[in-house]
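> I would like the atomic coordinates for the input below:
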Amino acid sequence: MGWSALEIAEKPADVFTPGGPPRFALLWLHEQDPASPLGSNESLASLLQEHRLACVAPHGERSWWVDCVCSEFDPEVTAEKHLLNNIVPWINERFHLGSRSIAVAGIEMGGQGALRLGLKHPSRFRAVGGLGSAIDFHELYGRGTPLDDMYDSKERARQDTATLHMHPTEWPPHIYFACRPDEFWFRGNDRLDEKLRAYGVPHTADLETGGNLEALMNFLVSGLEKESRRLM
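The predicted structure follows:
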């Protein structure tokens, strides 16, 4: 029970195991500069235990969780492929969960990664969410981040953002994101909200208060519960 540090496919990850068999699992994607190890995040641990969620938080450096090689993360394997081919199968095997029992979420870089992953692979991730998500990460292109080597241009980076990966007829049924108007990443969240509304995609967007971890977790668990009932 609690957090432990281990390796999955020879890469580090933090894993939370709740007391008792987990009902569902959360794939947690970290931000650009994690403030502290997840093991010290008592609020997150408390919510995971309350909802009996297993949680796997892989270390992704500043890969932006995309399907482009980032030398900080790995010279050959992209962060997205690591998540899809290594992390998700490991979660299913370790915790004996069904294919639609995993939510994906995060903050800032991780939030955009979660939303992007869900919109790009809606059949695999049915409940997705982010807080202060850095959806328009292309705005950092040319500022000396790994993005400069990962993409040929700012426009190429923009084309790989979550908003541009939304399929017009298929999407995760449970989408949540929140961002305050005074946050740097607000415009990207507002754009995504506008596009989802235009296509009639059901979602919850808190673009006033910025939400909080508890609201995010409650939404994800509610979504996973609905999915579990639908599959029965």
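> switch to C-alpha atoms for all contacts and neighbour counts from now on
Fine.
> run the chain-centre distance for the top helix by length along the chain.
As assigned by DSSP state H, the longest helix anywhere in the chain is helix 213-230. Using C-alpha atoms, centre = their mean, to the nearest Å, the distance from the centre of helix 213-230 to the centre of the chain it belongs to is 14 Å.
> quick one: low-confidence ranges for this protein?
34-40, 231-232 (pLDDT under 70).
> contacting residues around Leu6?
Residues in contact with Leu6, defined by C-alpha atoms under 8 Å, 6 or more residues apart in numbering, are 12-15.
> ok, 6 Å please
Applying C-alpha atoms under 6 Å, 6 or more residues apart in numbering to Leu6 gives the contacts 12-13.
> can you pull up the bridge partners for it?
On the basis of DSSP bridges, Leu6 is bridged to Ala13.
> circling back to that earlier point, what packs against the longest helix of the chain?
Here helix 213-230 touches no other helix or strand, going by 3 or more C-alpha pairs under 6 Å, 6 or more residues apart in numbering; DSSP states H and E.
> how about 7 Å then?
strand 127-131 (3 or more C-alpha pairs under 7 Å, 6 or more residues apart in numbering; DSSP states H and E).
> got a list of contacts for the strand it packs on?
If you take C-alpha atoms under 7 Å, 6 or more residues apart in numbering as the criterion, strand 127-131 is touched by 103-108, 111-112, 114-115, 118, 172-179, 216, 220, 223-224.
> so of those residues, which ones are in strands?
Members of the contacts of strand 127-131 lying in strands (criterion: DSSP state E): 103-107, 174-178.
> for these, which one is nearest Tyr141?
Closest approach between these and Tyr141, by C-alpha to C-alpha: Ile107, at 19.5 Å.
> what residues are up against the closest one?
The contact partners of Ile107, taken as C-alpha under 7 Å, 6+ apart, are 30-31, 130-133.
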